[in-house]
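Enquirer: any chance you can model this:
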Amino acid sequence: MPNIHLTKPMQDYAEAQIQSGAYANLSEVVRAGMRSLMEKDGALAFQAFKAELELALAEAEAGDHAPFDIEAYEPDAFR
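Expert: Residues are numbered from 1 along each chain as shown. Purely as a prediction, here's the structure:
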């Protein structure tokens, strides 16, 4: 298990969370923080993907696209 170093304010906050009964121990506090970061990163990735889709849609609606040729894209499917 990796060792971690928390700043004094972080340690105080974690200890307060444990004292309040919100978490049983420091591992639970750290896991909650990691889950939050993972959710945030997922949200950021989703927002970036959504922005790319919106740009592609705007370009397509403006006529800035080439027709899609399914046979050129997947030639083996039509043999």
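Enquirer: residue 17 versus residue 28, what's the distance?
Expert: Residue 28 is 9 Å from residue 17, where distance means Cβ to Cβ, to the nearest Å. Yep, even glycine has a C-beta here, placed from its N, CA and C like the rest.
Enquirer: which helix or strand contains residue 27?
Expert: helix 26-61 (DSSP states H and E).
Enquirer: contacts for the helix or strand that that helix is followed by?
Expert: Sequence-wise, the next helix or strand downstream of helix 26-61 (DSSP H and E) is helix 70-73. The contact list for helix 70-73, computed with Cβ atoms under 8 Å, 6 or more residues apart in numbering, reads 77-78.
Enquirer: kindly report the same for stretch 6-21.
Expert: In contact with stretch 6-21 (Cβ under 8 Å, 6+ apart) are residues 23-26, 29-30.
Enquirer: list just the nearest of those to residue 42.
Expert: residue 30 (18.7 Å; Cβ to Cβ).
Enquirer: ok, the closest one - contacts?
Expert: Contacts of residue 30 by Cβ under 8 Å, 6+ apart are 4, 14.
Enquirer: check the gap between it and residue 66 for me.
Expert: For residue 30 relative to residue 66 (Cβ to Cβ), the value is 50 Å.
Enquirer: related to what we said a few turns ago, for the contacts of stretch 6-21, pick the one with the most neighbours.
Expert: residue 29 (20 neighbours; other Cβ atoms under 10 Å).
Enquirer: check contacts around that residue.
Expert: 14, 17-18, 23.
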